[in-house]
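K.L.:
Structure here, sequence nowhere to be found:
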């Protein structure tokens, strides 16, 4: 039985196209392969856990005796976005995809948003987050109009210069948008995208996501109700709209969130530490930067080695992803891929669990590892990975 589970999502770290990838325009996508092909990937700790032994990974050096359990999971929800992926990881399959707006948001949505905020809007098209501020930043500064844009994902994004719109005010505008975007317009996330600079603009780290509230209970609700600590690090609180999260650390960025996760390794508590590492997706996947993605994986692997050395007897670490974002694929959007799951702990067997359906298998496993009998979507595989334990 585990006392603490550290569930770490390497945001967008897919390991190859799913069987329906063509339906999403993602035939051939493979985030891991694109990083491996740079010739600079050095992840010995993930390799020891069985990364290159996972089904479908036909490159890299396989371990003769992997240290942990490993499995390839396919997504059952109809999407490839952050919210859908994380909700399924936490035990909730989304049968209906979130709406997307490839031609921008309809006039009734934009009109109501402008009326309630008292500000005009610019753009209202699918756009790259860095290009949109380059193209519309100066006009925004001159007019005070908000830059509203979307992507192939189900998002309503609002960019504003911090000297023109204070960050707290931008957050209020996002909350207004969240209230408007319901029913057929219920996007998965409204995202605040503050930026700074003169003539040349850069996004600041004060991004904030405003998600829909999960419509049913996830493993976080079940664990918190049963007295466990549920620690959300990075985007986790935002992705679940706070539902089921007892402690939130909302700094954004791999370095910050790895540091905070290590801080909780040093504390005494019982439950789950659920961490999202966003830089893989935000800085490198969407920007189609395979070398940057690879370097971030190498940096994470160094941190992982230290973390593993400090794990207690009843700790378990689970490494996974929420979708793909192949840095060598066409466009700038997420990719429909299988995700890896690497599980390690002093009580964890070395076992290849092959390929299974449902990111929700992770939630079922976490609940059983912590001795909770209540169920979510996904039964899990705890009884297959624990050494001599009745789970």
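P.N.:
That came through fine. As the structure is a computational prediction, the values presented were derived from the model and not from experiment.

K.L.:
The residue nearest to residue 152 when sequence neighbours are not counted in helix, strand or coil?
P.N.:
Leaving out its chain neighbours, the residue that sits closest to residue 152 by Cβ to Cβ, 6 or more residues apart in numbering is residue 333, at 3.9 Å. C-beta: built from backbone N, CA, C; applies to glycine. Classification of residue 333 by DSSP: H, G, I helix; E, B strand; the rest coil places it in coil.

K.L.:
the helices in the stretch 251-391 of the chain, which residues?
P.N.:
For the stretch 251-391 of the chain, applying DSSP state H, counting those that start in this stretch gives helices covering 254-265, 279, 290-309, 361-369, 382-385.

K.L.:
And the average pLDDT for the second one is what?
P.N.:
Read it as helix 279. Computed over helix 279, the mean pLDDT rounds to 97.

K.L.:
How about the third one?
P.N.:
Across helix 290-309, the average pLDDT comes to 98.

K.L.:
OK, contacts around residue 133?
P.N.:
Counting by Cβ atoms under 8 Å, 6 or more residues apart in numbering, residue 133 touches 140, 147, 159, 193, 195, 201, 203.

K.L.:
Tell me what the third one is bridged to.
P.N.:
Same thing as residue 159. residue 147, residue 193 (DSSP bridges).

K.L.:
which residues does it contact?
P.N.:
The contact partners of residue 159, by Cβ under 8 Å, 6+ apart, come to 129, 132, 133, 136, 140, 146, 147, 149, 193, 194, 195, 203.

K.L.:
For residue 246, grab the count of nearby residues.
P.N.:
17 (other Cβ atoms under 10 Å).

K.L.:
For it, give me phi and psi.
P.N.:
Phi and psi for residue 246, reported as degrees, to the nearest 10, are phi -90, psi -30.

K.L.:
just checking, it touches residue 224?
P.N.:
Yes - the pair residue 246 / residue 224 is scored as a contact, 5.2 Å apart, by Cβ atoms under 8 Å.

K.L.:
list residues touching both of those two?
P.N.:
Joint contacts of residue 246 and residue 224 (Cβ under 8 Å, 6+ apart) are residue 230.

K.L.:
So what's the residue count around residue 265?
P.N.:
Count around residue 265 with other Cβ under 10 Å applied: 17.

K.L.:
Verify the contact between it and residue 307 for me.
P.N.:
Yes - using Cβ under 8 Å, residue 265 is in contact with residue 307, at 6.6 Å.

K.L.:
Name the residues contacting each of those two.
P.N.:
residue 6.

K.L.:
The helix or strand harbouring residue 84 - contacts with which helices or strands?
P.N.:
Element membership for residue 84 (DSSP states H and E) is helix 82-89. Helices and strands touching helix 82-89, by 3 or more Cβ pairs under 8 Å, 6 or more residues apart in numbering; DSSP states H and E, are strand 4-10, helix 236-239.

K.L.:
What average pLDDT does the last one get?
P.N.:
I take that to be helix 236-239. For helix 236-239, the mean pLDDT works out to 94.

K.L.:
Any chance you could list what contacts the helix or strand just after that helix?
P.N.:
Toward the C-terminus, helix 236-239 is succeeded by strand 247-249 as the next helix or strand (DSSP H and E). Outside strand 247-249, the residues within contact range by Cβ under 8 Å, 6+ apart are 229, 230, 231, 232, 233, 234, 236, 237, 242, 257, 260.
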